[in-house]
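# Take this sequence and fold it.
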Amino acid sequence: MVVLEADSPVGEYRKITEEILRLMPDEKRYPRAAAEAVRAFLMLRLGLHLGLRQKNLRQLLVCPRGHIPSSERRLTELKRGELRWSERDRGWEVFIPSVAFKNANSSFFGSKPFRLILPDLGGLYHYLDAYIDRHRRALLKNAADPGTLFVKTVKLTSKDAAYDQNTFYEAWRLAIQRYGIHNPYTGRGAIRGYCLMDRTMSATCSPPIS
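Presented below is the predicted three-dimensional model:
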């Protein structure tokens, strides 16, 4: 409710992304921790900009600058979208064929693909470039690249870098829990009074201020 009753609920969630940047680890000393922080930042920022369902965001492919983007036909076959650099618009473009959406037959799409040039606000392009150029590799380590923008942190116990529905939900929830819930004792966390419900309806909240 503390978010929903705010003058700008989206602005409240933007505070979480700003908190991620404030607490960003030193990439030279902690490359993997920095990569995880940038991944959390981009998950939330792209979630706010795009308003996509979890599946569409989780399965979003990435085409680095200088590479040839996937054709619309190919993305239609895969039923996935792609983040790629648009030379024409000089910006990062999210392109998703209508068939990738659950409500593909909606009049909103009109059988046309979803296309959006992401606004370069709050350092978004800087962190997108750093993540695509360096941080994804730090997370992947020696695992096979699934081609998606967001990849898991590959550990000794797992070589699969692709998120599924459950692991992506947990990554999203952990980012909000770590950076969104204000702790008055440590001074960390962006939103005072914030409570996060999990799938069992258990709440993780800001501790009380004595």
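
# what about the residue lying closest to Val151 once chain neighbours are set aside, how many residues close to it?
Of all residues not flanking Val151 in the chain, Ala161 sits nearest, at 4.3 Å (C-beta to C-beta, 6 or more residues apart in numbering). Any C-beta I mention is one placed from the backbone N, CA and C, and that applies to glycine too. Ala161 sits with 20 neighbouring residues when counted by other C-beta atoms under 10 Å.

# pretty sure Ala161 is touching Lys152, no?
Yes: assessed by C-beta atoms under 8 Å, Ala161 is found in contact with Lys152 at 5.2 Å.

# so what sits against both of these two?
Listed as contacting both Ala161 and Lys152 by C-beta atoms under 8 Å, 6 or more residues apart in numbering are Leu139.

# what's the helix with the most length in the chain packed up against?
What stands out as the longest helix in the chain, according to DSSP state H, is helix 31-50. Judged by 3 or more C-beta pairs under 8 Å, 6 or more residues apart in numbering; DSSP states H and E, helix 31-50 is in contact with helix 9-22, helix 54-58, helix 124-130, helix 136-140, helix 165-180.

# Can you check what angle separates it from helix 9-22?
Relative orientation of helix 31-50 and helix 9-22, computed by axes from the mean of the first three to the mean of the last three C-alpha atoms, to 10 degrees: 160 degrees.

# spatially speaking, which residue is in the middle of this structure?
Met43 (1.1 Å; C-alpha atoms, centre = their mean).

# re the thing from before, TSV for the helices and strands packed on helix 31-50, including mean neighbour count?
Shown next, in TSV, are the helices and strands packed on helix 31-50 (neighbours: other C-beta atoms under 10 Å):
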stretch	mean neighbour count
helix 9-22	17
helix 54-58	18
helix 124-130	17
helix 136-140	18
helix 165-180	17
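
# With adjacent residues omitted, what lies nearest to Arg14?
Leu48 (6.9 Å).

# Tell me, how many residues neighbour the one you found?
With other C-beta under 10 Å as criterion, Leu48 counts 14.
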